[in-house]
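>>> Just need the structure, nothing else, for what follows:
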Amino acid sequence: METTVNISGMTCAHCVGSVTEELTAIEGVENVDVELNAGGVSRATITSNTEINPEQISEAVADAGYLAVADS
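Residues are numbered from 1 along each chain as shown. The predicted structure follows:
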């Protein structure tokens with residue numbers, strides 16, 4: 001399954017690493033691909049072997065220090 005999440009507040013490669021680490025720690029996640037949009041809304045595509053609860057994704061992004069945002 002693929003899940004996409006928009007993330008606000010990311011500015012650099014360190015941000016990408018932090019978000020990737022937190023999202024990868026969610027059970028069932030196989031891969032995380034983050035597209036950085038420094039100063040704007042970045043996007044993470046999460047590949048998993050099961051459906052991931054959106055609350056888990058938001059919490060993981062928050063644990064990395066950023067904010068998951070809705071599509072605008």
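
>>> now this protein, which segments are flagged as low pLDDT?
When the per-residue scores of the chain are filtered using pLDDT under 70, the ranges that remain are 71-72.

>>> I'd assumed Ser18 was in a strand, is it?
No. The assignment for Ser18 by DSSP: H, G, I helix; E, B strand; the rest coil gives helix, which leaves it out of any strand.

>>> Can you classify the residue nearest the centre of the chain by secondary structure?
The centre of the chain sits closest to Ala44, judged by Cα atoms, centre = their mean, with a distance of 4.5 Å. Classification of Ala44 into helix, strand or coil gives strand, according to three-state DSSP.

>>> Quick one: the strands in this structure, in order.
Counting by DSSP state E, one finds strands in the chain at the ranges 2-8, 29-35, 41-48, 67-69.

>>> Please produce CSV containing those, extended by distance to Glu22.
Yep, even glycine has a C-beta here, placed from its N, CA and C like the rest. Below are those laid out as CSV (distance: least, Cβ to Cβ, whole Å):
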stretch, distance to Glu22
strand 2-8, 11
strand 29-35, 9
strand 41-48, 10
strand 67-69, 11
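
>>> who wins for proximity to His14 among these?
With Cβ to Cβ as the criterion, His14 lies closest to strand 29-35 of those, at 11.7 Å.

>>> how big is the angle separating the closest one from strand 41-48?
With axes from the mean of the first three to the mean of the last three Cα atoms, to 10 degrees as the basis, strand 29-35 and strand 41-48 are set at 160 degrees to each other.

>>> outside of strand 29-35, which residues touch it?
Judged by Cβ atoms under 8 Å, 6 or more residues apart in numbering, the contacts made with strand 29-35 from elsewhere in the structure are 7, 10, 16, 19-20, 23-24, 42-49, 52.

>>> So for stretch 64-72, what gets flagged as buried?
Within stretch 64-72, the residues scored as buried using 16 or more other Cβ atoms under 10 Å are Ala64, Tyr66, Ala68.
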